[in-house]
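Asker: Show me how the following folds:
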Amino acid sequence: TAGQSLNLSITGNTMPITSSKTVWIYKPSSGSSEWASYSLSGATALMNLNNLPETGIYTILIDPLGLDKGSINLQLLSDATGTLAVDGTTPVSLPSGQYGRYTFTAEAGKAYGFGMTGLAFTGTGSGTKSVMVYLEKTDGTALYNC
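Answerer: This is a model prediction of the structure:
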């Protein structure tokens, strides 16, 4: 649906990673012109498909490059949504690959702070675990990120 935000979780890539594989996304009206692409160079990846431009059937093309072959798992996840209470606490739990998109009502010119407590990561992935927070206007334009 136009305006919807989704995440494409890519796991279990068994294609050789000696060279980059490309995942292409085509919107319903684009024909042979891609809307988004991602260069896959490992076993897992997450593609944020923010604010889909139109309603209809999208196509995902995986280019294994040359004669490479293998398998890959794709999972499409919608964003978790909700409302944050000012001066309150909102519990949030997200599975791997899912974004959270939460709103709050604010007054122009008034200062606000944002805090997170009890942050915990689970899973078997290697590397540093982190979280990004983006503050956007209602039209989707960025105000701040950390």
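
Asker: Every contact and neighbour count from this point should use C-alpha atoms.
Answerer: OK.

Asker: what residue lies at the spatial centre of this structure?
Answerer: Asn48 (3.0 Å; CA atoms, centre = their mean).

Asker: For that one, list the residues it contacts.
Answerer: Shown in contact with Asn48 (CA atoms under 8 Å, 6 or more residues apart in numbering): Ser5, Leu6, Asn7, Leu8.

Asker: mind checking how far the host helix or strand of it is from the chain centre?
Answerer: Element membership of Asn48, judged by DSSP states H and E, is strand 45-49. Its chain's C-alpha centre and that of strand 45-49 lie 4 Å apart, by CA atoms, centre = their mean, to the nearest Å.

Asker: Quick one: mean pLDDT over it.
Answerer: Average pLDDT, strand 45-49: 86.

Asker: mind listing what it pairs with, with the direction of each?
Answerer: Using DSSP bridges, the strands paired with strand 45-49 are strand 6-11 (antiparallel).

Asker: Can you name the next helix or strand after the partner strand?
Answerer: The helix or strand immediately downstream of strand 6-11 is strand 21-26, counting by DSSP H and E.
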